[in-house]
Every structure is written in C-alpha cells, then in structure tokens.
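J.: Dropping the sequence and predicted coords here.
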Amino acid sequence: MESTWTELELVERDAIWDAFYERFRFRPSMTEFPGLHEPEDSVTFSLSGMCGDEDRYWRVRRACEAAALAAFRKLVAPGGYLHVLDWQHPGYRFRPHSTVEVDHLGDWTVPLLPNGDYFFFLDPAGRCARPSVGADALRFRA
C-alpha cells in the first residue's frame, strides 16, 4: 500500500499554490482572517469551545479528524488522493484510504485543525477544499 503522505515536487507544489491563490483570492495574513474568499457553499464550524480544557481539546480534535477522514474517503476514490498545501512548508499528496501515518504525538503530517498556519486539503482539481485558517475555525467545502 502506498504511503499516506507523499511530498510534492517543488514545481507541482508551486503550480497548485498558484491556482489556489487565484481561485480563492488567497491573502495570507497574521491578523486578518480568513485570508481567502470562501465559496458560498462553505460551512464553518467554530472551534473556540474546545480551548481551555486539554481533555476536551483532544476529544474534539480526534473526533474532527475521524469525521474529516470519513468524509475524505467518501469524496476520494480508493487509490486517489488529495493535495495538501501547508503555507511556507512542503506540500503533499494525501491518500485517505491508506492507514493514516502520524508522528510520535499522534499528529498528521499536516494537521487537520488550525495551529496558526495556513493549510488546505484540496482535490486535484482544487474543488474539495478544507481550509484551516486562523485559530478558531474549521471550514469545509464539498
């Protein structure tokens, strides 16, 4: 079985970013969020209630990861992949039907939940976006 995470070549990553900047009018900012044009069919969930209680944080985080993985598996055919962009970091092909590889803390290579950085899960056509932008929101777009 192929690895869950395969790093994109620089040329491919840059081409995906260029298309993303144009399609979503992406404007990275440390103070103004969401920093991109959200399509009308986006759904945003507040994550602010999970902060301040470490046990609740981890329960909500793992539940979000499980729900997103289930959704990704419905959206992507077996053997297929999503592009994952992580601003100012390597990009990846993410194969949701593979066993998701995690680090020693149980984190995905590119986290699902916001951690102060910009990262996005996109289908190869750039449609199935799940941007993580800012510190307290999770946005889905089908």
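T.: Cool, got the structure. Numbering: from 1, shown residues only.
J.: need the longest helix for this protein.
T.: Ranked by residue count under DSSP state H, the longest helix found in the chain is helix 54-75.
J.: Show me which parts of that one are buried, residue by residue.
T.: Residues of helix 54-75 classed as buried by neighbour count (16 or more other C-beta atoms under 10 Å): 60-61, 64-65, 68-69, 71-72, 75. In this view, the C-beta of every residue, glycine as well, is placed from N, C-alpha and C.
J.: pretty sure residue 72 contacts residue 96?
T.: Yes - using C-beta atoms under 8 Å, residue 72 is in contact with residue 96, at 3.8 Å.
J.: any residues in contact with both of the two?
T.: With contacts taken as C-beta atoms under 8 Å, 6 or more residues apart in numbering, residue 72 and residue 96 have residue 82 as neighbours in common.
J.: Please tell me how far the longest helix of the chain is from the chain's geometric centre.
T.: Chain-centre distance of helix 54-75: 12 Å, with C-alpha atoms, centre = their mean, to the nearest Å.
J.: Next: stretch 20-37.
T.: 14 Å.
J.: If I look at residue 72, what pLDDT would I see?
T.: Reported pLDDT at residue 72 in the predicted model: 88.
J.: swap in residue 18?
T.: Reading off the model, residue 18 has pLDDT 92.
J.: Then residue 42?
T.: Reported pLDDT for residue 42: 69.
J.: now do the one 3 residues further on
T.: Among the per-residue scores, residue 45 shows a pLDDT of 70.
J.: Now do the SS call for it.
T.: At residue 45 the chain is in strand, as set by DSSP: H, G, I helix; E, B strand; the rest coil.
J.: which residues pair with it across the strands?
T.: Beta-bridge partners recorded for residue 45 (DSSP bridges): residue 138.
J.: Measure how buried it is and give me the count.
T.: For residue 45, the number of neighbouring residues by other C-beta atoms under 10 Å comes to 10.
J.: ok, it to residue 17 distance?
T.: Taking C-beta to C-beta, to the nearest Å as the measure, residue 45 and residue 17 are separated by 25 Å.
J.: so how far is residue 70 from the nearest residue in space to residue 6 that is not next to it in sequence?
T.: Spatial nearest neighbour of residue 6, excluding adjacent residues (C-beta to C-beta, 6 or more residues apart in numbering): residue 93 at 4.4 Å. According to C-beta to C-beta, residue 93 stands 19 Å off from residue 70.
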